[in-house]
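[1] Just need the structure, nothing else, for what follows:
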Amino acid sequence: MDLRLATLEAVLADPGRGESLEALILDLARLATDEAQAAAAVAAVEARLEAETHLAHARAAAQEAIEQERAVTSDVRRALEHLEQRQKTLEQERQAEIRSLHERFEAAFATEHARAAELEGGLAQAHIDLEAQRAAETELRRSAAHISERLTGSERDHAHTRAAMSDLSTEVARLRDATDEQERNLAEVKAELASEHVTSLQLRENAAAHERNLHMAQAELASEHEANLQLREALSEQERRLEEARTELEEERGANSRLREATERAKQLLAALSQQKSALQARHQELTTELGRTREALAALQRAHGEIESRLDEERRSNVELRSSFEQTEPFKSAQLDSVEPDSALSSGREEANVAGGIIGPAPASSQLLSAVAEADEGWQPIQLANRYAFKQPLDILINGESGLLFDLSIIGCQLSSSARLKPNHGVRVLLPTRPHSTLCIGKVVWARLESPAAGRPPSYRAGVLFTKVDQEAIELFIASHSAEETR
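    Model (predicted):
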């Protein structure tokens, strides 16, 4: 482009060189058209490749997440089934043990109750016998008193009475021995009854211990039931996470559909550029017609040659200054400005020539080409692939080991500022200050621009970064901990 522009300037400076001015102008227009088409084709191919790469990564990540959730859910279900089976077995065993203990306790209690009733019956019989013995002894005493009265009244029966008294004394002694034996038997019965009472108390204590064991078993059963409820809640949580993973997969599919729509728009833009090419070809025919009028204006151009030459010198100096300033900005913008700059010079030169010669005609082809490219660029629409969160104040981070500032962040990229130079398509390592360890994000620079120095600060580069390797959970926690606000 510079070479052909220099040739055109040389021809304008020396019309007698014999080269066709019309051919040079058409060659410049054709070259500008080819460059616009090439730039549009490259942009469309890059957008399509990036969309396909992101789609493949999203599908792989979603499939892996689903497989992991399925494996975890299967393990939890198997564990839950095993625990339920174990709970049923333990419950059956405990119910059988409780029934057995209850039956044995009932049988022992019935036996002891029968023995206690039998002992109480024996004790009642012993009381009856003792009362009978006492009644007999009382009767004997009354008989002895009557006999003694009769002895005092009748001395004739004294010997007989003495013999009877001896017999009665013997009988009384025997009755006393029998009474002592009954009392000893009664004492033994009382001792046995006390022993039976102690045994009954022990049985009651054993029954209380069995009841405590029963309560403990019921408490353990309740704890097992609570553990099963917790496992069921864990299973529900796993199912909820699986549902969330499915929702994220649906969102990824929606993003993929949006990427396909972006690809379709890129194809439509290519079709529009093809139509613009046809329009440029039509414009080429118009320029051919205009060349006739240009030949008629050559005389006027020769008269204004001196003025145009001085203005061209000014344009050259302006172009040098513009190029030196553009070299400090982002590469893709400088490339675009370099491709537009000769057309601007050509357009300004032709406009000056027209004004100097007093000719008013159609606009140059380069201006219409720039207008067409600008209209084509306006057809592009940005697509937001993830929610972006901006911070109230920029955060201090490390960029390739050097200090920098973080303005906003998402799970796929960020916007940052660095005092070191950043270039598009260059790799970058961003270290976020998280606890207990810093989070490393690896990516590449998508765009970059030089910012004018602020008060007390050197010039810096602001850039947009697309992550290629990142811990999404750590980034979400970092965003939540700094109370970042979502932006659109």
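[2] List the residue ranges of the stretch 151-300 of the chain that fall below the pLDDT cut-off.
    Low-confidence segments of the stretch 151-300 of the chain, defined by pLDDT under 70: 151, 153-155, 157-158, 161-162, 164-165, 200, 207, 292, 294, 297-300.
[3] In it, what residue spans correspond to helices?
    Applying DSSP state H, counting those that start in this stretch to the stretch 151-300 of the chain gives helices spanning 158-296, 298-303.
[4] Nearest approach to A448 belongs to which of these?
    Taking C-beta to C-beta, helix 158-296 is the member of these nearest to A448, at 22.6 Å. All C-beta atoms are positioned from the backbone trio N, CA, C, and that covers glycine.
[5] what's the neighbour count on I397?
    Neighbour count of I397, defined by other C-beta atoms under 10 Å: 21.
[6] and it, that one's in a strand?
    Yes - counting by DSSP: H, G, I helix; E, B strand; the rest coil, I397 is located in a strand.
[7] From A47, how far off is the residue nearest to it when sequence neighbours are not counted?
    Among residues not flanking I397 along the chain, L406 sits closest, at 4.8 Å (C-beta to C-beta, 6 or more residues apart in numbering). Distance of L406 to A47, given as C-beta to C-beta, to the nearest Å: 27 Å.
[8] Mind checking which of those two has more residues around it?
    Set L406 next to A47 and count neighbours by other C-beta under 10 Å: L406 wins out with 23 against 18.
[9] Count the residues that sit near C414.
    Residues within reach of C414, counting by other C-beta under 10 Å, total 25.
[10] I should have written F407 there, sorry.
    If you count neighbours by other C-beta under 10 Å, F407 ends up with 15.
[11] quick one: secondary structure of it?
    When classified by three-state DSSP, F407 comes out as strand.
[12] Am I right that it is in contact with A390?
    Yes - with contacts counted by C-beta atoms under 8 Å, F407 reaches A390, the gap being 6.6 Å.
[13] where exactly do the helices run in the stretch 1-150 of the chain?
    2-13, 21-153.
[14] Now tell me what touches stretch 175-192 from outside.
    With contact meaning C-beta atoms under 8 Å, 6 or more residues apart in numbering, stretch 175-192 is reached by 119, 122-123, 126-127, 129-130, 133-134, 136-137, 140.
[15] let's see 7 Å
    Residues from elsewhere that reach stretch 175-192 (C-beta atoms under 7 Å, 6 or more residues apart in numbering): 119, 122-123, 126, 129-130, 133, 136-137, 140.
[16] What subset of these is buried?
    The neighbour count (16 or more other C-beta atoms under 10 Å) marks 119, 123, 126, 130, 133, 137 as buried among the contacts of stretch 175-192.
[17] one step back: separation between the residue nearest to I397 and A6?
    On the measure of C-beta to C-beta, L406 and A6 end up 47 Å apart.
[18] Kindly report the same for H215.
    105 Å.
[19] can you check R77 too?
    78 Å.
[20] likewise R176?
    From R176 over to A6 the distance is 161 Å, taken as C-beta to C-beta.
[21] what does A187 give?
    Between A187 and A6 the computed distance is 145 Å (C-beta to C-beta).
[22] same check, this time on E211
    Applying C-beta to C-beta to E211 and A6 gives a distance of 111 Å.
[23] Next: E307.
    E307 sits 20 Å away from A6, going by C-beta to C-beta.
[24] Quick check: which ranges of the stretch 1-150 of the chain have low pLDDT?
    Along the stretch 1-150 of the chain, the parts satisfying pLDDT under 70 run over 17-19, 147-148.
[25] from memory V72 sits against Q238, does it?
    Yes - with contact defined as C-beta atoms under 7 Å, V72 counts as touching Q238 (5.7 Å).
[26] that older thread, what about the helices of the stretch 151-300 of the chain, which gets the closest to L450?
    Once those are compared by C-beta to C-beta, helix 158-296 is nearest, at 28.8 Å.
[27] between the closest one and helix 21-153, how big is the angle?
    Angle of helix 158-296 versus helix 21-153, following axes from the mean of the first three to the mean of the last three C-alpha atoms, to 10 degrees, is 170 degrees.
[28] Might you calculate how far helix 158-296 sits from the centre of the chain?
    Remark: helix 158-296 is offset 26 Å from the chain centroid, using C-alpha atoms, centre = their mean, to the nearest Å.
[29] In contact with S460: list those residues for me.
    417-419, 451.
[30] ok, 6 Å please
    417, 419, 451 (C-beta atoms under 6 Å, 6 or more residues apart in numbering).
[31] Would you mind checking these for buried ones?
    Neighbour-count burial within those applies to S417; the criterion is 16+ other C-beta under 10 Å.
[32] now, which of the contacts of S460 sits nearest H482?
    The closest of the contacts of S460 to H482 turns out to be S417 (C-beta to C-beta; 16.9 Å).
[33] Correct me if wrong: that closest one contacts D408.
    No - counting by C-beta atoms under 6 Å, S417 does not reach D408; the two are 11.3 Å apart.
[34] What about A219, how many residues nearby?
    Around A219 there are 10 residues (other C-beta under 10 Å).
[35] how much space between it and K88?
    Distance of A219 to K88, computed by C-beta to C-beta: 18 Å.
[36] I'd assumed L431 was in a helix, is it?
    No - counting by three-state DSSP, L431 falls outside a helix, being strand.
[37] wait, what's in contact with it?
    398, 438, 440.
[38] Restricting to C-alpha, output the helix or strand encompassing the last one in CSV.
    Spelled out, it's L440. In this structure, L440 sits in strand 439-451 according to DSSP states H and E. Coordinates of each C-alpha in strand 439-451 appear next as CSV, following Å, rounded to 0.1, in the frame of the first residue of the first chain:
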residue,chain,number,x,y,z
THR,A,439,-5.3,-19.2,43.1
LEU,A,440,-3.5,-19.4,39.7
CYS,A,441,-5.4,-18.6,36.5
ILE,A,442,-3.7,-19.2,33.2
GLY,A,443,-5.0,-17.6,30.0
LYS,A,444,-4.2,-15.4,27.0
VAL,A,445,-4.6,-11.7,26.2
VAL,A,446,-7.6,-11.1,23.9
TRP,A,447,-7.2,-7.3,23.7
ALA,A,448,-4.9,-4.6,25.1
ARG,A,449,-4.6,-0.9,25.1
LEU,A,450,-2.3,1.7,26.4
GLU,A,451,-3.8,4.1,29.0
